[in-house]
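K.L.:
Can you look at this prediction? I've put the sequence above it.
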Amino acid sequence: MFLNKPGRLTLIHQVHSSIKRVIRKIRTIRKVGALVTKRDYFFDNAKFILIFLVVFGHAIQTYIETDPLLLSVYKTIYFFHMPAFILVAGYFAKGIHQKGLIRKLVKKLLIPYLIFQLIYTIYYYFLRNEQTLTIDPFNPQWSLWFLVSMFFWSLLLLLFIGVLRLSWKTAVPISFGLGIMIGFVDDLTSTLSISRTFVFFPFFLIGYYINREQFTWLKKRPFQLAGVFSIAVVLLFMLVFPEWSNKWLLGTYSYSELGQPRELSPFIRMLIYSLSLWLVASFFSITPEKKYFYTNWGKNTLYVYLLHGFIIQLFRESNIDVFVNPYVSLLLIMISSLLLTILLSTNWITAVTQPIIELKASRLKKLSPKEK
């Protein structure tokens, strides 16, 4: 039977209400999805600035022994740029419990490490006219230590969090203790980046425990001013005391190689830890949160990290002298490092090299002309 007029109106009203509820739900889902998928510009900005500092630090390393200004800038950068980079890596390691983690780590870190270890070994063989070609997977070539350490940091995090279920109040002090104690080991510290793994692990672990609100807290104006002041003070201190060895900042050397009494060395490392943490916080306090022209390049830091060594090492072996005076040289190297960082971050470079870095070619497919 057909509905009477009041019944039809009631039905229409119910259908209309149901449609409105569905539309509201769809809008809500879209908003939530946008929040979930939206990238945080703060971290992309931080990663781009940090990878620029990595390239810049490696570029000026050639001249640090001949100029106090470049040496002081180098030391100041090394106090915080890798610790900050590692802390960010730890922050994004919160999916430690996900299924297939080990396989993912092998594919993301170990396989690219082995590929680039082979490539760099062959590259150095021809670049430096070496007498023998020795392929050694246990001693990372130059900057490749980071991939190996990233793998072991993830395993240590899995041990601390997944197996031992340590709270941050227990895990963080233990990680600092391991970083201090590894300095007493004289042998095999460079093998598989063992020393750097333990020295820098506290920053990775702290990054894991930190939440986004704590980064926001650093953006308070007084802290920003204190951060800028702190970085300037460290730079000034390095200028006044140039004899202080930058080897302490690399995490590679044992205490016996650093030239200080062994019984005093742990306290020096504790002091360096404290200062590095403060400068890391200072860096994040002044890192922009808005989107800028360089923000998207912050997604490609792994590419820059793995590829810049070819250019930097070629530059070092060429013996090109760009030293004019400390200030002009600093500016020239800074601009060159920035341009190199941008170049290696571009879509074309990342697309061409993605197959050997990420073991896939999705970026190259996006750049390929679409068939009509």
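P.N.:
Right, received. Where do you want to start? Residues are numbered from 1 along each chain as shown.
K.L.:
what residue ranges in the stretch 251-372 of the chain score low on pLDDT?
P.N.:
Within the stretch 251-372 of the chain, the segments meeting pLDDT under 70 span 321-324, 368-372.
K.L.:
What helix or strand is the residue lying closest to Asp136 once chain neighbours are set aside located in?
P.N.:
Using Cβ to Cβ, 6 or more residues apart in numbering and skipping the chain neighbours, the partner closest in space to Asp136 is Thr121 (7.7 Å). Every C-beta, even on glycine, is put in place using the N, C-alpha and C of the backbone. Assigned by DSSP states H and E, Thr121 falls within helix 111-127.
K.L.:
Same question for Phe43.
P.N.:
Going by DSSP H and E, Phe43 is in helix 41-60.
K.L.:
Next, Gly95: secondary structure please.
P.N.:
Counting by DSSP: H, G, I helix; E, B strand; the rest coil, the backbone at Gly95 sits in coil.
K.L.:
Chain neighbours aside, what residue packs nearest to it?
P.N.:
Using Cβ to Cβ, 6+ apart, the closest residue to Gly95 is Leu101 (7.7 Å).
K.L.:
mind listing what the one you found touches?
P.N.:
When contacts are counted by Cβ atoms under 8 Å, 6 or more residues apart in numbering, Leu101 touches 95, 154, 158.
K.L.:
of all these, which comes closest to Ala59?
P.N.:
Distances from Ala59 to those, taken as Cβ to Cβ, are shortest for Ser154 (29.5 Å).
K.L.:
Next up, the contacts around that closest one.
P.N.:
93, 96, 101, 105, 109.
K.L.:
now do Val185
P.N.:
194-195, 254.
K.L.:
Go again with 7 Å.
P.N.:
Residues near Val185 by Cβ atoms under 7 Å, 6 or more residues apart in numbering: Ser254.
K.L.:
likewise the one 10 residues further on?
P.N.:
Under the criterion of Cβ under 7 Å, 6+ apart, the neighbours of Ser195 are 182, 189, 251-252.
K.L.:
let's see it at 6 Å
P.N.:
182, 189, 252 (Cβ atoms under 6 Å, 6 or more residues apart in numbering).
K.L.:
Next: Leu147.
P.N.:
Going by Cβ under 6 Å, 6+ apart, Leu147 touches 109, 113.
K.L.:
Look up how far Phe229 lies from it.
P.N.:
Remark: distance between Leu147 and Phe229 (Cβ to Cβ, to the nearest Å) = 35 Å.
K.L.:
same deal with Tyr74?
P.N.:
For Tyr74, the distance to Phe229 - Cβ to Cβ - is 20 Å.
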